[in-house]
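> generate coordinates for the sequence data below:
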Amino acid sequence: MNLTNSSLPQAVNSSTHITPLLIPGLAVKLPVTFAIKIILDIVGALANAGLLVVCYQMYRTDPSSNAVSLIIMQMVACWFFMDFFMFPINDIQTLLYNFHHRAPDYYCIWEMTSCVFLVSLSSWTEVFLAVNRVVAICFPLHYGRVSSRKVIFHVLPAIWICAIAMTLPGTFYFGGHFMAIFLNQCIYVPHNHFGEFLLSCVIFLPMSIIGICCVIILAKSIYIAYRRRQTIGLEVQKNAVRKCTTSQQRRMEVAIMLFTSFLWGAACDLPYSVFTTESLQYLFRENPILTVWVHCILDAQYTISPFTMMWLNTDYRKTAINFFRRYVLRQRVPSGQAVIGRGPHKSELNTKTRSSVAPASHVPPHYLVEHSVLYRPSNYH
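Next comes the predicted model:
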């Protein structure tokens, strides 16, 4: 998706009417880049569809993961629609430039409205996930209040309303407008400070909030690791602490997913942000095919992210393996693995019994705060 500042159209306006015959090698380069982007789009759509299935299975079979599963499902759904619909349509329009086809203005209005909405929706959903992880790791005693279905079902529609509010002004030429430049690429051009504010709300503001949340989670994780180095004498106390740290470890897996997604997204957005600066815009003018390669990197953001999320989360991998064995290979899943997704272990369900929980007086106070699941066995995420 092209979101840039108002100086870019003036800088590249002279390239708007370039024909393929005037750009050396463009007739060969465009099909090559088209093939690469289509492969990225297909792989990304399949990966995001698979992650959606895994999240749905987790939501359906593991009540303790409902909140996180719903948030991630909305975010991954946005990635899927971009890989399955928006990016291929944009790639086809770029390839048609090789046949002297010029994208009409109404195409950019439709294409950019959809892209800005999906990017806004996914970005602010990721912000909600980041805040959810901060509360889960830093304030576990209050996590149940912000992870209930009532809260989730109110916040997720609110994110939709905010995404629509950030998209419609550009559609109706208020604060900025959408336009086509060389190679049938569409961009958003802000007219005033309000348009620049909307642009920052779509990309820069959510990325900043996610970055701050990641720093908070990282600091808290270092603090927890430091406190865990303190030894506890009695074996029964070690068993109690081991049980109550299970929830914290599972929460940290989701936090690591968030942190990795943030770093990968920032790395993929960096080339476009650098090349669209005023001092480097001449590169687009001298080599228009560069904008297509930059967008290949942007496409890779939504193609690689589902693989990293699956790789970093043990529950997702087990759920995917069980789903593949049951519905693709038609194998019977052993009774111990019948429930898709990892629910609480039988020993964890009995944490209220007198024999499985150490007396509160024998456990240091900081463990009661950092691992409050010892007294609230229902919170496993």
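> could you measure from Ile289 over to Phe87?
17 Å (Cβ to Cβ, to the nearest Å). The C-beta positions use only the backbone N, C-alpha and C, and glycine is treated the same way.
> which one of these two has more residues nearby?
Phe87 (24 against 18; other Cβ atoms under 10 Å).
> how about residues contacting the host helix or strand of the more buried one?
Per DSSP states H and E: Phe87 is located in helix 87-96. The contact list for helix 87-96, computed with Cβ atoms under 8 Å, 6 or more residues apart in numbering, reads 30-31, 33-34, 37-38, 40-41, 44, 101, 103, 107, 111, 183-186, 292, 295, 299.
> state the mean pLDDT of that helix.
Mean pLDDT, helix 87-96: 86.
> keeping just the C-alphas, turn it into PDB.
Extracted in PDB, the C-alpha atoms of helix 87-96 (Å, rounded to 0.1, in the frame of the first residue of the first chain):
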ATOM      1  CA  PHE A  87      -2.500  -7.200  -3.400                       C
ATOM      2  CA  PRO A  88      -3.300  -9.400  -6.400                       C
ATOM      3  CA  ILE A  89      -5.600  -6.800  -7.900                       C
ATOM      4  CA  ASN A  90      -2.800  -4.200  -7.500                       C
ATOM      5  CA  ASP A  91      -0.300  -6.500  -9.100                       C
ATOM      6  CA  ILE A  92      -2.600  -7.100 -12.100                       C
ATOM      7  CA  GLN A  93      -3.000  -3.300 -12.600                       C
ATOM      8  CA  THR A  94       0.800  -2.900 -12.500                       C
ATOM      9  CA  LEU A  95       1.300  -5.600 -15.100                       C
ATOM     10  CA  LEU A  96      -1.300  -4.100 -17.300                       C
END
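> buried residues in the next helix or strand after it?
Later in the chain than helix 87-96, the nearest helix or strand by DSSP H and E is helix 105-138. Within helix 105-138, the residues scored as buried using 16 or more other Cβ atoms under 10 Å are 107-109, 111-138.
> likewise for stretch 206-221?
Pro206, Met207, Ile209, Ile210, Cys213, Cys214, Ile216, Ile217, Lys220, Ser221.
> if I look at Asp83, how far off is Phe178?
Taking Cβ to Cβ as the measure, Asp83 falls 21 Å from Phe178.
> no, scratch that, I was asking about Asn90
13 Å.
> and the gap between Phe84 and Ile152?
Distance check for Phe84 against Ile152: by Cβ to Cβ, it reads 25 Å.
> just the helices in the stretch 251-381 of the chain please.
Assigned by DSSP state H, counting those that start in this stretch, the stretch 251-381 of the chain shows helices spanning 282-286, 289-312, 314-323, 346-349, 365-370.
> what packs against the longest one?
Looking back up the chat, that one is helix 289-312. If you count contacts as 3 or more Cβ pairs under 8 Å, 6 or more residues apart in numbering; DSSP states H and E, helix 289-312 packs onto helix 26-61, helix 66-81, helix 87-96, helix 235-275, helix 282-286, helix 314-323.
> most neighbours per residue, which of those helices?
helix 66-81 (a mean of 22; mean count of other Cβ atoms under 10 Å).
> roughly how far is that one from the heart of the chain?
In terms of Cα atoms, centre = their mean, to the nearest Å, the centre of helix 66-81 is found 8 Å from the chain centre.
> renumber starting at 576 from here on
With 576 as the first residue, the last one maps to helix 641-656.
> for that helix, name the packing helices and strands.
Packed next to helix 641-656, using 3+ Cβ pairs under 8 Å, 6+ apart, are helix 601-636, helix 680-713, helix 724-746, helix 864-887.
> got the angle for it vs helix 724-746?
30 degrees (axes from the mean of the first three to the mean of the last three Cα atoms, to 10 degrees).
> what's the angle from helix 641-656 to helix 889-898?
Going by the same axes, to 10 degrees, helix 641-656 makes 70 degrees with helix 889-898.
> helix 641-656 to helix 662-671, inter-axis angle?
20 degrees.
> just the mean pLDDT for helix 641-656, thanks.
91.
> now stretch 618-625
Across stretch 618-625, pLDDT averages out at 95.
> and Cys761, how close does it get to Asn767?
Applying Cβ to Cβ to Cys761 and Asn767 gives a distance of 20 Å.
> what residue ranges in this protein score low on pLDDT?
576-602, 639, 805-823, 851-854, 856, 906-956 (pLDDT under 70).
> run the last query once more with 50
Residues of the chain meeting the criterion pLDDT under 50: 580-597, 808-812, 910-911, 913-956.
> closest to Tyr672 out of the helices and strands packed on helix 641-656?
Ranking the helices and strands packed on helix 641-656 by proximity to Tyr672 (Cβ to Cβ) places helix 601-636 first, at 6.9 Å.
> the residue lying closest to Ser644 once chain neighbours are set aside and Tyr763, how far apart?
Leaving aside its sequence neighbours, Ser644 sits nearest to Tyr634 (Cβ to Cβ, 6 or more residues apart in numbering; 3.8 Å). As defined by Cβ to Cβ, Tyr634 lies at a distance of 34 Å from Tyr763.
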